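A.B. asks: could you work out the structure for the sequence below:
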Amino acid sequence: MMSLRMLVAGLAAAFAAPVAAQETYIVDPVHSQPMFEARHIGFGAQHGSFGKATGKVTLDRAAKKGSVDITIDATSIKTFDPRLDAIVKGERFFNIEKYPTLTFKSTSMMFDGDRLVGVDGELMMVGVTKPVNLKVANFTCGENPFNKKPMCGADATATIKRTEWGMTDGVQIGNPSDEIKLIIPIEAYKE
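C.D. replies: Numbers count the residues shown, from 1 in each chain. Below you'll find the model as predicted:
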């Protein structure tokens, strides 16, 4: 009789215990503005940013899996010079008239313990989709101290060769001007 009570109590405790589950976070566009850095014909670094990004991140840290789906409004691109803005928006660079959005959709996530450290996925840019690995740093989840809402944040980076996406303006093949560093800071609130 005692063992039956213990079995029933054990089962009740097991079903009452919280089960780690997938959590969904919605990207905060105000604090998630992607940037890029490119070498100008192999010399100084030039910077630009995208003012509009949306997306969703799902995480199951116990199972070490999840997904990232980010959409960047390419028409929101800006640099620090209107002449350069016209170049990066043009046909031989981001070609925003024909391709107004960039998307990143994850295929897998890498964790170190329960901390996200990398995301593999597909980057669609200028009508071309290619695999990209994002390195993730500063992954943190907690309560926003101002509005008390649960959130996560991180900095994701990748270096790509823009000629692989058909961007040819100002590129000298084999020169560092072919490389673009993508910097994607993300803050997202729990849904």
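A.B. asks: after the lengthiest strand in the chain, next one along is what?
C.D. replies: Identified as the longest strand of the chain according to DSSP state E is strand 128-143. Moving toward the C-terminus from strand 128-143, the next helix or strand (DSSP states H and E) is strand 150-161.
A.B. asks: which strands and helices sit next to that next one?
C.D. replies: Counting contacts by 3 or more Cβ pairs under 8 Å, 6 or more residues apart in numbering; DSSP states H and E, strand 150-161 packs against strand 115-125, strand 128-143, strand 179-190. For every residue, glycine as well, the C-beta is placed using N, CA and C.
A.B. asks: tell me how many other residues surround residue 110.
C.D. replies: Counted with other Cβ atoms under 10 Å, the neighbours of residue 110 add up to 15.
A.B. asks: which residues touch the nearest residue to it once chain neighbours are set aside?
C.D. replies: Spatially, and ignoring its direct neighbours in sequence, residue 110 is nearest to residue 118 (3.8 Å; Cβ to Cβ, 6 or more residues apart in numbering). By Cβ atoms under 8 Å, 6 or more residues apart in numbering, residue 118 lies in contact with 109-110, 133-136.
A.B. asks: tell me what residue 121 is bridged to.
C.D. replies: Counting by DSSP bridges, residue 121 is bridged to residue 106, residue 132.
A.B. asks: if I pick it, what's in contact with it?
C.D. replies: Residues counted as contacts of residue 121 (Cβ under 8 Å, 6+ apart) are 68, 104-108, 131-132, 134.
A.B. asks: great, nothing more from me.
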